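Participant: I need the structure of the sequence given here:
(2 chains)
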Protein chains: 2
Amino acid sequence: MATINENYLKLEKNYLFINIAKKVNEYKEAHPDADIIRMGIGDVTLPIAKCVVDAMKKGADEMGVKETFRGYEDSGTGYDFLKEAVSGYYESFGVTVKPSEIRINDGAKSDCGNIVDIFGDDNIVLITDPAYPVYVDTNLMSGRKVIYADSNEENGFAAMPDESVHADLIYLCSPNNPTGSAYTKDQLKVWIDYAIKNNAIIIYDAAYEAFITDEAIPRSIFAVEGARRCAIEMCSLSKTAGFTGMRCGYTVIPDELTVTASDGTVVSISQLWGRREGSKFNGVSYPVQCAAAAVFTKEGYEQTRENIKYYQENAKVIAAAMDEMGIKYTGGKNSPYIWLKCPNGMKSWDFFDKLLTEANVVGTPGAGFGKNGEGWFRLTAFGDSERTKEACERIKKLKF
Amino acid sequence: MATINENYLKLEKNYLFINIAKKVNEYKEAHPDADIIRMGIGDVTLPIAKCVVDAMKKGADEMGVKETFRGYEDSGTGYDFLKEAVSGYYESFGVTVKPSEIRINDGAKSDCGNIVDIFGDDNIVLITDPAYPVYVDTNLMSGRKVIYADSNEENGFAAMPDESVHADLIYLCSPNNPTGSAYTKDQLKVWIDYAIKNNAIIIYDAAYEAFITDEAIPRSIFAVEGARRCAIEMCSLSKTAGFTGMRCGYTVIPDELTVTASDGTVVSISQLWGRREGSKFNGVSYPVQCAAAAVFTKEGYEQTRENIKYYQENAKVIAAAMDEMGIKYTGGKNSPYIWLKCPNGMKSWDFFDKLLTEANVVGTPGAGFGKNGEGWFRLTAFGDSERTKEACERIKKLKF
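Facilitator: So this is what the prediction gives:
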């Protein structure tokens, strides 16, 4: 009899976004004229830069001509032209990663989830709480033990390691989703030292790096000494260049990253991942890779940075509103997220209801991201500029 | 200490295509003027149909305009417009699958490999031999026991179940890669009955269905009674529409397909897969989905079928050469592959060497696909028409 992976049955059913949609729909039915402003989902809204669209169209045209048609990609890990572009991008903020250390994928979420394949199920996994639910769920699916490091008001929602606790795999996300906090170089160095001491591997999600403005905040974990011995970095063009619907990201695995197997064999993580991808992945669509490469041209960089600036302005508007109201928050700077403390000890979902019914603004209850999220709330800067301002005006009028 | 998934260390290193490339390169270095014809790798060579390219470009343009920009796909399982198109395609050969039973993915290989996630590691996996290496490797990576059903000369390289053997997961590929053989409806019915008796699930790879010309050969396992209770079907536009570099396929999971968990819970495979995809996948690029949908329009169908006819003519040319030489083979009909018996009891790699050095033609040694492949050889019909004819002329002149 076929059996299922019963770890799936132990997963908590994460109804966060389903519940939000349900509540919003119910409210809209009862109040069909309500002008609802959505600041909940972490999705971009500005269109793809023109030169990026043009590059994709050129790639599509090449596919339609026998002489320039491209079938299977030889390596399945990305075309050299794109790997070199990504490598050049890293170089632009002072980090050296070789093109051969870069794997092109269809988005950070896929590799974040799939990376668990190459590790043993006996690893103890350390995840900061609150967190992007993918880290927890994909490890529970493999039957791994997950432990948590608390991100909370006291530490500015930037959890640090507890030296008395052992972990084998460590998930860090900086700038953080959902809390908007970003690790300094010194903080990351503490995590790297902890990882090296524990022979652990850090899986570092840098999906929001393009929002970093503060020079003291590293854009990559590989800007910090020691990271090449203990870290894998995942990044994506989703937030950097509005690729949430285009689907392209990259994973960086340093050549020197190894794990020793039980028989003493020293195993290259890069080669191990290559073996996985060789059997379970066939590369990213060629025209999508053309589009992605255009993001890293001078023109593409300028056009995409315009969009990021637009979102950063929104973040400032929201942060200013919070300041005006005397509401505590993290993020807003170096991040498209504003993670705010619900006033007067309100619970996350109560604040959600109040915002929805009294201001017609939709956000995301922090409780949906882990236990330390209770009493907190996420607003995103990815909306329309005028609508973001309007939402802030409405929120400021609320009585708590 | 981080540990790796040590099942990876037990994988046989499949050097098939690496060895082929090495031998070809060495020969080319020694004979720089040799005019080598490649009939080895199963990749298409004709460009994407014009209306498909146009649809992708239109999709790209939409991404560049705020009003039509698309971010994250809500479901991550494919846009309705594409699911409906695929459903309509099934209907065109008399098979009913609902759009909601179709999951859009980035190619059959990904889902073929990733589907193992949702099943228990205690399943006994039955795979026909020879086979596409992905089926074996992805199950060995999960530590599963793999057993084989022999496809050989006696059964026309169409393995049938041994009723005395039990299996839980069964991989079938028809038309088959590498053997080109295709199951009849009656043969598939035997497999389905066997699966139902064993409470097993069939993972059916229909990637080559577009090459079927014989009406007695089903285009989908769902054309056969009982399949909806025991089968998952994977298909791809790679061979149907030249999408090897575009990356789009689909998986069909019938609503009624269930497995009973150890606590008696009846679990929907469709929902289980949805849970996996929700954590490890974020959908296919929107412009790629636009391109895929265009394949199923009247114009797209006509244009892509022209390409398939072209390859089918190549297959006929190769088959005719084999007939003329008195060489036994399967495939050539209903398949882009010709799977031939090496003359005079030659071994696969010896035949490879002879073909390379005496005819400057590159094919694929059957031994690379499993033990029953030894002494057999795969040629593909995906090449240029004139070059295929030339290759056949050269092969016909060889002395054995």
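Participant: and the gap between residue A:285 and chain B?
Facilitator: 5 Å (CB to the nearest CB, to the nearest Å). Placement of C-beta: from N, CA and C, glycine included.
Participant: actually residue A:235, sorry about that
Facilitator: Counting by CB to the nearest CB - residue A:235 and chain B are separated by 14 Å.
Participant: check contacts around that residue.
Facilitator: A:108, A:205-207, A:209, A:220, A:249-252 (CB atoms under 8 Å, 6 or more residues apart in numbering or on different chains).
Participant: then residue A:117?
Facilitator: A:276, A:280, B:5, B:141.
Participant: now it: phi and psi?
Facilitator: Per-residue torsions, residue A:117: phi -50, psi -40 (degrees, to the nearest 10).
Participant: do the one 5 residues further on as well
Facilitator: Listed backbone geometry of residue A:122 is phi -90, psi 0, with angles given as degrees, to the nearest 10.
Participant: my read: it touches residue B:5, true?
Facilitator: No. If you go by CB atoms under 8 Å, residue A:122 and residue B:5 don't touch, sitting 10.1 Å apart.
Participant: higher neighbour count, those two?
Facilitator: Neighbours per residue (other CB atoms under 10 Å in any protein chain shown) separate residue A:122 from residue B:5, with residue B:5 holding more: 20 against 12.
Participant: in contact with that one, which residues?
Facilitator: Residue B:5 neighbours (CB under 8 Å, 6+ apart): A:117-121, B:141.
Participant: what does stretch A:109-116 contact?
Facilitator: Here stretch A:109-116 has contacts from A:103, A:105, A:134-135, A:138-139, A:141-142, A:144, A:203, A:205, A:232, A:234, A:236, A:249, A:251, A:273, A:276, A:280-281, B:114, B:279-282, using CB under 8 Å, 6+ apart.
Participant: ditto for stretch A:31-45
Facilitator: A:17, A:20, A:24, A:27-28, A:177, A:238-239, A:242, A:244, A:307, A:311, A:318, A:336-337, A:356, A:360-364, A:378-380, A:382-384, A:387-388, A:390-391, A:394, B:66, B:69, B:71-72.
Participant: identify each buried residue in that stretch, please.
Facilitator: A:37-45 (16 or more other CB atoms under 10 Å in any protein chain shown).
Participant: may I have it exported as PDB, CA atoms only?
Facilitator: Below are the C-alpha coordinates for stretch A:31-45, written out as PDB (Å, rounded to 0.1, in the frame of the first residue of the first chain):
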ATOM      1  CA  HIS A  31     -20.100  47.200   2.900                       C
ATOM      2  CA  PRO A  32     -20.000  47.100  -0.900                       C
ATOM      3  CA  ASP A  33     -19.000  50.800  -1.100                       C
ATOM      4  CA  ALA A  34     -16.000  50.500   1.300                       C
ATOM      5  CA  ASP A  35     -12.800  51.800  -0.300                       C
ATOM      6  CA  ILE A  36     -10.300  49.200   1.000                       C
ATOM      7  CA  ILE A  37      -6.600  49.800   0.900                       C
ATOM      8  CA  ARG A  38      -4.500  46.600   0.900                       C
ATOM      9  CA  MET A  39      -1.100  46.800   2.700                       C
ATOM     10  CA  GLY A  40      -1.100  43.100   3.700                       C
ATOM     11  CA  ILE A  41       0.600  40.900   1.200                       C
ATOM     12  CA  GLY A  42       4.300  41.300   0.500                       C
ATOM     13  CA  ASP A  43       3.900  41.600  -3.300                       C
ATOM     14  CA  VAL A  44       5.200  44.400  -5.500                       C
ATOM     15  CA  THR A  45       2.900  46.500  -7.600                       C
END
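Participant: mean confidence (pLDDT) on it, please.
Facilitator: Averaged across stretch A:31-45, pLDDT comes to 93.
Participant: chain center to that stretch: distance?
Facilitator: 21 Å (CA atoms, centre = their mean, to the nearest Å).
Participant: what do you get for stretch A:198-212?
Facilitator: For stretch A:198-212, the distance to the chain centre is 9 Å (CA atoms, centre = their mean).
Participant: hang on, the earlier thing: buried among the contacts of residue B:5? Make that a ChimeraX selection.
Facilitator: Remark: buried members of the contacts of residue B:5, expressed as a ChimeraX selection using 16+ other CB under 10 Å:
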select /A:117,118,119,120 /B:141
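Participant: about what we covered before: same list (the contacts of residue A:117) but as JSON lines, adding pLDDT.
Facilitator: Formatted as JSON lines, the contacts of residue A:117 follow (pLDDT from 0 to 100):
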{"residue": "A:276", "pLDDT": "95"}
{"residue": "A:280", "pLDDT": "95"}
{"residue": "B:5", "pLDDT": "97"}
{"residue": "B:141", "pLDDT": "96"}
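Participant: mind putting the residues you listed into a markdown table with secondary structure?
Facilitator: Below are the contacts of residue A:117 laid out as a markdown table (DSSP: H, G, I helix; E, B strand; the rest coil):
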| residue | secondary structure |
| --- | --- |
| A:276 | helix |
| A:280 | helix |
| B:5 | coil |
| B:141 | helix |
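Participant: same list (the residues you listed) but as CSV, adding distance to residue A:11.
Facilitator: As requested, the contacts of residue A:117 are exported to CSV (distance: CB to CB, whole Å):
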residue, distance to residue A:11
A:276, 22
A:280, 21
B:5, 20
B:141, 22
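Participant: before we move on, the earlier item: return a ChimeraX selection command for the buried portion of the contacts of stretch A:31-45.
Facilitator: The following ChimeraX line selects those of the contacts of stretch A:31-45 that are buried, judged by 16+ other CB under 10 Å:
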select /A:20,24,27,177,238,239,242,244,307,311,318,336,337,356,360,361,362,363,364,378,379,380,382,383,384,387,388,390,391,394 /B:69,71,72
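Participant: distance of residue A:359 relative to residue A:315?
Facilitator: 19 Å (CB to CB, to the nearest Å).
Participant: residue contacts, whatever residue of the stretch 151-300 of chain A ends up closest to chain B?
Facilitator: Using CB to the nearest CB, the single residue of the stretch 151-300 of chain A nearest to chain B is residue A:280, 3.2 Å away. Residues counted as contacts of residue A:280 (CB under 8 Å, 6+ apart) are A:114, A:117, B:109-110, B:113-114, B:134, B:138.
Participant: over to residue A:72?
Facilitator: A:282-283, B:41, B:43, B:244-245.
Participant: want to throw these into JSON lines with distance to residue A:225?
Facilitator: Converted to JSON lines, these look like this (distance: CB to CB, whole Å):
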{"residue": "A:282", "distance to residue A:225": "36"}
{"residue": "A:283", "distance to residue A:225": "33"}
{"residue": "B:41", "distance to residue A:225": "44"}
{"residue": "B:43", "distance to residue A:225": "44"}
{"residue": "B:244", "distance to residue A:225": "42"}
{"residue": "B:245", "distance to residue A:225": "40"}
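Participant: max pairwise distance over these: which two?
Facilitator: Largest separation among those by CB to CB: A:283 and B:41, giving 14.3 Å.
Participant: that older thread, mind listing which of the contacts of residue A:235 are in helices?
Facilitator: Among these, the residues falling in helices (DSSP state H) are residue A:108.
Participant: filter the contacts of residue A:235 by proximity to chain B?
Facilitator: Contacts with chain B within these, counted by CB under 8 Å from any CB of the partner chain: none were found.
Participant: which of the contacts of residue A:235 ranks first by neighbour count?
Facilitator: Most surrounded of the contacts of residue A:235: other CB under 10 Å gives residue A:250, at 30 neighbours.
Participant: what is it paired to in the beta sheet?
Facilitator: residue A:104, residue A:235 (DSSP bridges).
Participant: surely it touches residue A:101?
Facilitator: No. Contact between residue A:250 and residue A:101 fails when scored by CB under 8 Å: they sit 9.9 Å apart.
Participant: can you give me phi and psi for the residue nearest to the spatial centre of chain A?
Facilitator: By CA atoms, centre = their mean, the mean C-alpha position of chain A lies nearest to residue A:207, the distance being 4.0 Å. Main-chain dihedrals, residue A:207, degrees, to the nearest 10: phi -60, psi -20.
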